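[1] Just the structure for this:
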Amino acid sequence: MEIVAILFMLLAGGGLAVFTMTAYAIAEREKGTPAAGEQRGVPERDRIAASLLTQVVTLGGLSDDEALRVVRRGSGIAAPVTRGIDVGNWAEAYARVATSEQRASLLEIAVQLVASREKAVPLRQYSALLDLSFGLGFQTDALAKLRTQYGFDYVDHAKAGRPKEADRGGAAVPLYERRPATELLTVLGLTGSPSRQELTAAYRKLVAQHHPDRFHNATDAARSEAAARFIEITRAYEELLLSIRD
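    This next block holds a predicted model:
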């Protein structure tokens, strides 16, 4: 009888240990992720979209939790979020599981969330929008048109790297000062009448060299120089694309 009792106690103890370990594993897996609206079965597309939007909003200076609240309130997407993602790669993943309408909607939602803060957008955040636009399969003129529609501008807040128009308190400014096409082409290292594809190839080659993420841990001087160049080539590219109809 005593042996039976001992065996029963051992089995009960083992069962309790298994239950405790299982509960702990579940808690660790879900730690830091709000439960509401995040049940299993959330479409993978929504998980990717929420992660992309949160990453873009975070680059505007908000904390992770603040960014998540902004995204859920502004987009209506309540899905688990992966932090610290590569926007370009994740945007390409979203494009593989989304329709053209869903891709266009995601880019516009991202712009709305950025523009709603009513101040000039930091350059790293705008470069993330560019990465999102390219990853979704759009040309930069899609983003430029949305920027015009929602009336926001971008600046590098490091004083030495700010464009001249950003010195007026960082407020909204005219988005374009039309320059001769030959001058814009020179900025991109091009001549003649390049096609849209040739413009894009030249731009992407240059922007990869001066992308803000490459200089995030560099000296202030290096960051400012790269930021000024990034702004110069991006504005030239946007203006040229908006003038092309092919």
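
[2] can you count the residues close to the closest residue to Val121 other than its chain neighbours?
    Closest residue to Val121 apart from its sequence neighbours, by C-beta to C-beta, 6 or more residues apart in numbering: Tyr154 at 4.3 Å. Just so you know, the C-beta spots here come from the backbone N, C-alpha and C atoms, and that holds for glycine as well. A count of nearby residues for Tyr154, using other C-beta atoms under 10 Å, gives 23.

[3] Tyr126 is in contact with Tyr154, isn't it?
    Yes - between Tyr126 and Tyr154 there is a contact under C-beta atoms under 8 Å: 3.7 Å.

[4] who's in contact with Asp131?
    87-88, 91 (C-beta atoms under 8 Å, 6 or more residues apart in numbering).

[5] Looking at the residues you listed, which has the smallest pLDDT value?
    pLDDT across the contacts of Asp131 is at its lowest for Gly88, which sits at 91.

[6] hang on, isn't that one packed against Phe134?
    Yes - contact criterion C-beta under 8 Å: Gly88 and Phe134 qualify, at 6.5 Å.

[7] Between those two, which has more neighbouring residues?
    The neighbour comparison of Gly88 against Phe134 (other C-beta under 10 Å) goes to Phe134, with 21 against 16.

[8] Assumed the more buried one was part of a helix.
    Yes - per DSSP: H, G, I helix; E, B strand; the rest coil, Phe134 lies within a helix segment.

[9] Could you measure from it over to Leu68?
    Distance check for Phe134 against Leu68: by C-beta to C-beta, to the nearest Å, it reads 24 Å.

[10] Would you map the strands across this protein?
    121-122, 154-155 (DSSP state E).

[11] Give me the packing partners of the first one, helices and strands only.
    If you count contacts as 3 or more C-beta pairs under 8 Å, 6 or more residues apart in numbering; DSSP states H and E, strand 121-122 packs onto strand 154-155.

[12] Pull up the pairing partners for the strand it packs on, direction included.
    Note on strand 154-155: by DSSP bridges, its sheet partners are strand 121-122 (parallel).

[13] Closest to the centroid, which residue in the protein?
    Nearest to the geometric centre of the chain sits Val56, at 3.3 Å (C-alpha atoms, centre = their mean).

[14] residues contacting it?
    Neighbour list for Val56: 87, 110, 113-114, 125, 128-129, 132 [criterion: C-beta under 8 Å, 6+ apart].

[15] now swap in Thr234 and tell me
    Per C-beta under 8 Å, 6+ apart, neighbours of Thr234: 130, 140, 203, 207.

[16] how does it look with 10 Å?
    Residues near Thr234 by C-beta atoms under 10 Å, 6 or more residues apart in numbering: 123, 126-127, 130, 140, 143-144, 154, 187, 203, 206-207, 210.

[17] Model confidence score at Ala49, please.
    Looking at Ala49, its pLDDT is 97.

[18] contacting residues for it?
    Neighbours of Ala49 in contact, by C-beta under 10 Å, 6+ apart: 43, 71, 75, 77, 79, 81, 90-91, 94, 97-98, 102-103, 105-106, 109-110.

[19] now Lys145, nearest residue through space, not along the chain?
    Take Lys145 and drop its neighbours on the chain: the residue closest to it by C-beta to C-beta, 6+ apart is Leu242, 7.5 Å away.
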